[in-house]
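> turn this into a model:
(one chain, ligands or ions: 2)
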Amino acid sequence: MELDKMDENDWKYHGEGNKSLVVSHVQHARVLRLLKYSTEDDENSHKTTEQAFRHIQNIVDYSKNVMKPLLGEKFVHNGEAVKLPIDFVRQLSLKVQRERPESRCDKVMDTFSGCALCLPNLTQLSSCCCFGQHRPPLCIEIKPKCGFLPSSRHVTKEIKSKVCRFCMHQHFKLASGKWKRLSRYCPLDLFSGNKQRMYLAIKHLIEEPQNNFKIFKGGECIYSCKDDADVLQDLDELAQHLRPYFLPSGSLINGHQASKVVLNELIQVLMSALLSSWDCPRTVEPRKTHLPEGRVTCEASILHRDLLWNGNHCLPKDCVLAKILGTQMHDNLDIEGLNPLFRRVEQHLQDFPKERSRLQIDGPYDESFLEKVQNCPAEDDGSIEYAVGKVHQYRVAMTAKDCSIMIAIAPCGEDDGLDQNLEIQPAKPRFSYSVSILDLDPKPYDSIPHQSRLDAKILNYYLRKDCTLVFHPV
Ligand SMILES: O=P(O)(O)O[C@@H]1[C@@H](OP(=O)(O)O)[C@H](OP(=O)(O)O)[C@H](O)[C@H](OP(=O)(O)O)[C@H]1OP(=O)(O)O
Ligand SMILES: Nc1ncnc2c1ncn2[C@@H]1O[C@H](COP(=O)(O)OP(=O)(O)OP(=O)(O)O)[C@@H](O)[C@H]1O
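Ligands and ions are numbered 1, 2, ... in the order given. Next up is the predicted model:
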């Protein structure tokens, strides 16, 4: 990419979240991730070039030096901070404005600093996968959210050890108007390693994607939550898109039956990708991570108790889900247990402001930061080191609770056109996939009080409404 010859016509709108807007190159498998600012605070909140560059470099350092060692080399692409011509950024901002969903327009793209994060386009395939001539790459994005129930002794409300945060939060989101319908997805089912539970979790993601599920074909988003949230997802339309990948070309099945087969195949492939043990040789039986006893089920999940309590509950050791869950579980005190330690750090910083830098409160995110995360004392010895270690661990866990998984899948084989022969060769893998994790930004130290307030709001709302009585239709 020649930074001095940037042309907005080579880039198009790709997507956005709460903090960044992403554009993709029309020819090369690259994206630019630009910062966003709140319109309310427009005047004051934009950063100078140097501040924005530092902010983006912090994201790169954090992905590379902290999250990559925890999540695995193969899954993480840290990217590179770049400075772009300001004219290019302004033109780009005008160009993408009409593509942006209304629900995200409370923030504007940063057109002041000219800085961005340049990353590989993960919706295009990496070199490990092979594509047929005629079929564009397919990529599925899952934002799985928190996959465990807290077991910390600091938790004050029993419900927190029975119903997961995602399922409780759904009711609060519905009430606040963020979504129009409850999602039946439960992260504990996805992270269970139990095939039946995982199957239903993915099915529920497809039925009500919210911001947890997207599908890209040829780099274009073909399936996600519509801005007009009243509209139910059209699963037959989705199945039409996917049919060439999952049904033999001569297949005669049509209509709902075809949709069922296609979506079933999609779910099977996604489960394989999510459970693949990437660091183990394929011939060796992968080691398993057993999930902690008594914490593997959520009472709000619609699944039958027998299914929840019986059967296999473990994840292959190095699969992407095990890596993410292991990192999320760095939060082992829960926000309730973390709060007093956060206050200890705040008090210490008030007394000794210069300590902020030694304790790496705002970075740098280097090996020494990772060391603080990994070598935090197991017991509270009353020290500031312990408190800071737990705060850092909590922030790492927050990142892992908010990241997304990108699964690029491709039919494979000499002739990757799906023909009937493949159907009778079960030993031959029909798809290859590449799995990546994205959105690994550091969560600000200052956001911890917000986490505490949000936790209380979600909980109070759930208990007040007695949502435990609201059963999902099966
Ligand atoms: O707090 P949560 O669990 O609602 O997560 C926020 C996400 O909401 P979600 O529940 O996934 O719809 C939220 O996602 P949306 O904007 O709702 O798509 C952001 O990812 C937010 O992260 P950040 O503050 O922008 O870095 C997320 O905030 P953090 O808590 O990760 O900072
Ligand atoms: N490297 C990438 N390749 C392809 N698509 C990407 C890439 N990075 C981001 N995207 C797309 O852009 C969207 C927004 O990016 P991202 O999740 O990083 O934004 P965010 O503002 O940090 O999100 P959040 O709301 O979680 O804070 C993603 O959901 C994904 O669809």
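
> could you use CA atoms for every contact and neighbour count after this?
Fine.

> flag every residue of the stretch 351-474 of the chain that's near ligand 2.
Selection of the stretch 351-474 of the chain residues close to ligand 2 by CA under 6 Å from any ligand atom yields 402, 439.

> list the contacts of the closest residue to ligand 2 within the stretch 251-400 of the chain.
Nearest residue of the stretch 251-400 of the chain to ligand 2: residue 399, at 9.1 Å (CA to the nearest ligand atom). Neighbour list for residue 399: 328, 439-443 [criterion: CA atoms under 8 Å, 6 or more residues apart in numbering].

> again, only using 10 Å
Residues near residue 399 by CA atoms under 10 Å, 6 or more residues apart in numbering: 67, 145, 324, 327-328, 439-443.

> what does residue 437 give?
Contact partners of residue 437, counting by CA under 10 Å, 6+ apart, are 67-68, 71-72, 74-78, 122, 141-143, 320, 324, 400, 403-407.

> weed out the non-buried ones from those residues.
67-68, 71-72, 75-78, 122, 141-143, 320, 324, 400, 403-407 (16 or more other CA atoms under 10 Å).

> strands - which of those residues land there?
141-142, 404-407 (DSSP state E).

> show me how far stretch 394-403 is from its chain's centre.
10 Å (CA atoms, centre = their mean, to the nearest Å).

> just name the closest of the contacts of residue 399 to residue 155, please.
Using CA to CA, residue 328 comes nearest to residue 155 of the contacts of residue 399, at 16.9 Å.

> for the closest one, which non-adjacent residue is spatially closest?
Distances taken as CA to CA, 6 or more residues apart in numbering place residue 397 nearest to residue 328, at 4.1 Å, with adjacent residues excluded.

> residue 360 versus the one you found, what's the distance?
As judged by CA to CA, to the nearest Å, residue 397 and residue 360 stand 17 Å apart.

> which of those two has more residues huddled nearby?
Legend: neighbour count by other CA atoms under 10 Å for residue 397 and residue 360, higher for residue 397 (24 against 16).

> my guess is the more buried one meets residue 331, correct?
Yes: assessed by CA atoms under 10 Å, residue 397 is found in contact with residue 331 at 5.5 Å.

> what about whichever residue of the stretch 301-450 of the chain sits closest to ligand 2, how many residues nearby?
Relative to ligand 2, the nearest point of the stretch 301-450 of the chain is residue 439 (4.1 Å; CA to the nearest ligand atom). Other residues near residue 439 number 19, with proximity taken as other CA under 10 Å.

> the one 5 residues further on now?
Residues contacting residue 444 under the criterion other CA under 10 Å number 11.

> what residues does it make contact with?
361-362, 395, 398.

> again, only using 6 Å
Contact analysis of residue 444 by CA atoms under 6 Å, 6 or more residues apart in numbering lists nothing.

> leaving out chain neighbours, which residue sits closest to residue 223?
Nearest non-adjacent residue to residue 223, counting by CA to CA, 6+ apart: residue 215, 4.9 Å away.

> phi, psi of the one you found?
Main-chain dihedrals, residue 215, degrees, to the nearest 10: phi -130, psi 130.
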